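[1] sequence and predicted structure below; questions after.
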Amino acid sequence: MSSNDTWRSVKLTPVFGLVEKARKKLEAYKYRLIVVSGKGGVGKSFVSSMLALGLATRGKAVALFDADVHGSSIPLLLGLKGERHYANEEGEIIPVEGPLGIKVVSLNLMLDSPDTPLAWRGPLVSRAILELAAKVSWGTGDYLLVDMPPGTGDALLTVIQAFPPGTSVLLVTSPNTLSETIVSKVANLVTSSNVKLLGIIENMSYFKCPHCGAVTNIMGRATGDRLASRYGVMLLGRIPLDPEVGNSIDGGIPYLLSNGNGEAARAIMEIVDKIIRLVEHK
């Protein structure tokens, strides 16, 4: 069965039944974290995938849902080249097993080629996200992370409405006023919804020279502190720029596994430990 046939083999369910079914399945995970940014280009998918790996490193059972339908990059970031989803006899979609046993679900893992465009309008994107949430054989676990597309449109509204109570949001930004303004749109939406804004992560925060140790704010001045203060949440951490991130992607090995002692890797693990304390010891 081809990957496209896998998607076609999943029988459609009326929308009113999908939400209920999705909630019931997703409740099997103790902690659910939606990773959002509102703006493209802040490295949200990198953050999502590295947090998933970091949590798995800490012995947690983790699933990662790639809901960025148009700009899926989770499979590439986790080195899942050539992997594909399949459906079982019950018509449920089986997650792909990623590094450290992470269960990965992504529409890009159903396509015959990862560069195949999905020219779908908003309602179809929302429907696809609901179908995946409801039709995947998620099993049980500790953490379910959702990598969202940018913006405050159909996809984010669908996930907020479909996910069970107790779901939290991690907001990813980059250090400049433009990102701060656009990311604030998502923060305002989240704080008016039924999900909790858990904290802010500032990605690409700075660059530390590996030779002299000098720190340069390449992307602009830090704004994560202001966002955290404005919404009354914690700045979970600042992740620096690291050239090894690109090298890891090119080599097909997830950055956190190939550069565990890197400046960015240490920042990521500090964030992971803060998340664990916040959600498990509240």
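    Now that the structure is in, tell me what you want to look at. Owing to the predicted nature of the structure, the values given are computational and were not obtained by experimental measurement. Residues are numbered from 1 along each chain as shown.
[2] what sits against G71?
    Applying Cβ atoms under 8 Å, 6 or more residues apart in numbering, we find G71 in contact with 40, 45, 149. Every C-beta, even on glycine, is put in place using the N, C-alpha and C of the backbone.
[3] in what element of secondary structure is E20 found?
    helix 15-26 (DSSP states H and E).
[4] for that helix, name the packing helices and strands.
    helix 122-135, helix 154-162 (3 or more Cβ pairs under 8 Å, 6 or more residues apart in numbering; DSSP states H and E).
[5] switch those helices over to a markdown table; also include mean neighbour count.
    Putting the helices and strands packed on helix 15-26 into a markdown table (neighbours: other Cβ atoms under 10 Å) gives the following:
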| stretch | mean neighbour count |
| --- | --- |
| helix 122-135 | 20 |
| helix 154-162 | 20 |
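[6] so which of those is nearest G262?
    Nearest to G262, of all those, is helix 154-162, at 31.1 Å by Cβ to Cβ.
[7] so where is the stretch 101-250 of the chain shaky, pLDDT-wise?
    The model of the stretch 101-250 of the chain has no residue with pLDDT under 70.
[8] re the thing from before, how about CSV for the contacts of G71, with neighbour count, secondary structure and distance to D242 added?
    Below are the contacts of G71 laid out as CSV (neighbours: other Cβ atoms under 10 Å; DSSP: H, G, I helix; E, B strand; the rest coil; distance: Cβ to Cβ, whole Å):
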residue, neighbour count, secondary structure, distance to D242
G40, 14, coil, 20
S45, 24, helix, 16
P149, 23, coil, 24
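[9] could you measure from V233 over to A187?
    The spacing between V233 and A187, counted by Cβ to Cβ, to the nearest Å, is 9 Å.
[10] what does F163 give?
    For F163, the distance to A187 (Cβ to Cβ) stands at 17 Å.
[11] all set now, cheers.
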